[in-house]
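# Show me the folded form of this:
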Amino acid sequence: FNIALFLSGEKKIDIGSLPSLKIYPMLRNDYFSDFGNKFVYKLGVNSQILNVPSLNIKFSYGTGFRAPTFNDLYWHGSGNRDLKPEKSKSYDFGFVVIAGSNVKVLSELKFELSFFNIDIEDRIIWLPSQENQSVWRPINIDHVNSRGSGFSGELVLFNKLFISGNFSIVKSIRTNKRTQDDATQNKYLIYIPRSNGYIKAELNFDKFFFVAQANYVGLRYTTEVNDRWLQPYLVVDFTGGLSVKNQFFNGQVKFTVKNIFNENYESMVGYPMPLRSFMVEFSTGLNYKQKGEIRNEAN
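Have a look, this model is predicted:
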């Protein structure tokens, strides 16, 4: 059983000729029938230091809490009823740039760069059990540090071509010692990629639309001592389709090719993912009027 009270707000502060500040406080208290009361907070600050183009600097600091899930506790044959909740402290900072343009080629540009650091106590992670390597069980790791940076951006060209994407670099390591000669200390957590990202391009032309997306996942270690790993992979998907709509009817048909370049990769050791695959989708809907507005109801 879980019940929570959440409170957040926003306050703008003007100090003379200095750039204005926006402060975002947040308080939350959770009661868990298994773990009692847990209180967390967060404070964010945002300041716009340029108007054209819009340049904002942001910073936040806060605490976090995550209770074990039902599966963590009770999964048949693997659940761990002795798990402790996760507790964390984190901060991040960065900047956001938004630029508009009257030029026909470039309609809008937005990008964001951020840096973060998270310290987690009693991190819950699933690992192969010592008794049977084919059976995974959740355990608490005393202290984990995750830090890195991320970049995201959006670009609109000719009001028809939308390009977006992000890329992040993350270092998630366990910093505590389990034994005096612990070979897993300061090693990467398993299956967390050191880098990942995507880029997506969407073109809308009258009733036709085309979407291409490339997803990248970097190197992932598969053992706690980091002596084995899965290679990075890049998977590209493509979708094209047609949308039709009138006063009474709307419909869409689209054709998708997943993993268009037939990339051979694994999400986990021993679990190869599908090669190139094809999909055709049809959807239909009826439009009806209600209180002077046209509503849409799709099946």
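
# only C-alpha atoms for contact and neighbour calcs from this point on.
OK.

# My read is that L27 contacts F6, right?
Yes: counting by Cα atoms under 8 Å, F6 is a contact partner of L27 at 6.0 Å.

# Now do the shared contacts for these two.
When Cα atoms under 8 Å, 6 or more residues apart in numbering defines a contact, no residue borders L27 and F6 alike.

# out of those two, which sits in the busier spot?
L27 (16 against 11; other Cα atoms under 10 Å).

# Can you name the residues bridging to N117?
Following DSSP bridges, N117 is listed with bridge partners Y91, R147.

# In terms of pLDDT, where does the nearest residue to I124 once chain neighbours are set aside sit?
In space, I124 comes closest to N140 once its chain neighbours are excluded; the distance is 4.7 Å by Cα to Cα, 6 or more residues apart in numbering. On pLDDT, N140 comes in at 90.

# Next, L73: secondary structure please.
Recorded secondary structure, L73: helix (DSSP: H, G, I helix; E, B strand; the rest coil).

# ok, it - contacts?
G79, N80, R81, D82, L83.

# what are the phi and psi values for the first one?
Phi and psi for G79, reported as degrees, to the nearest 10, are phi -60, psi 150.

# Wait, it touches D72, no?
Yes: in terms of Cα under 8 Å, G79 counts as a neighbour of D72; the distance is 5.3 Å.

# Look up the residues that both of those two are in contact with.
P138.

# got any ranges where the stretch 151-299 of the chain has weak pLDDT?
289-299 (pLDDT under 70).

# Contacts only, for R66.
Contacts of R66 by Cα under 8 Å, 6+ apart are P85, E86, K87.

# Return the subset of these lying in strands.
E86, K87 (DSSP state E).

# Pick the one among the contacts of R66 closest to R228.
E86 (27.3 Å; Cα to Cα).

# can you give me the helices for the stretch 1-150 of the chain?
70-74 (DSSP state H, counting those that start in this stretch).

# In which helix or strand does the spatially closest residue to A183 that is not a sequence neighbour reside?
The shortest distance from A183 to any non-neighbouring residue, by Cα to Cα, 6+ apart, is to V225 (6.1 Å). V225 is part of no helix or strand, with elements assigned from DSSP states H and E.

# Quick check: phi and psi on V225?
phi -90, psi 0.

# Is it correct that it is in contact with N186?
No: here V225 does not reach N186: they are 9.3 Å apart, not a contact under Cα under 8 Å.

# if we can go back for a sec, in contact with the residue nearest to I124, which residues?
N140 touches L83, K84, D122, R123, I124, I125, counting by Cα under 8 Å, 6+ apart.

# Looking at those residues, which are in strands?
Reading strands off the contacts of N140 with DSSP E, I get D122, R123, I124, I125.

# Out of those, which end up buried?
Among those, those scoring as buried are D122, R123, I124 (criterion: 16 or more other Cα atoms under 10 Å).
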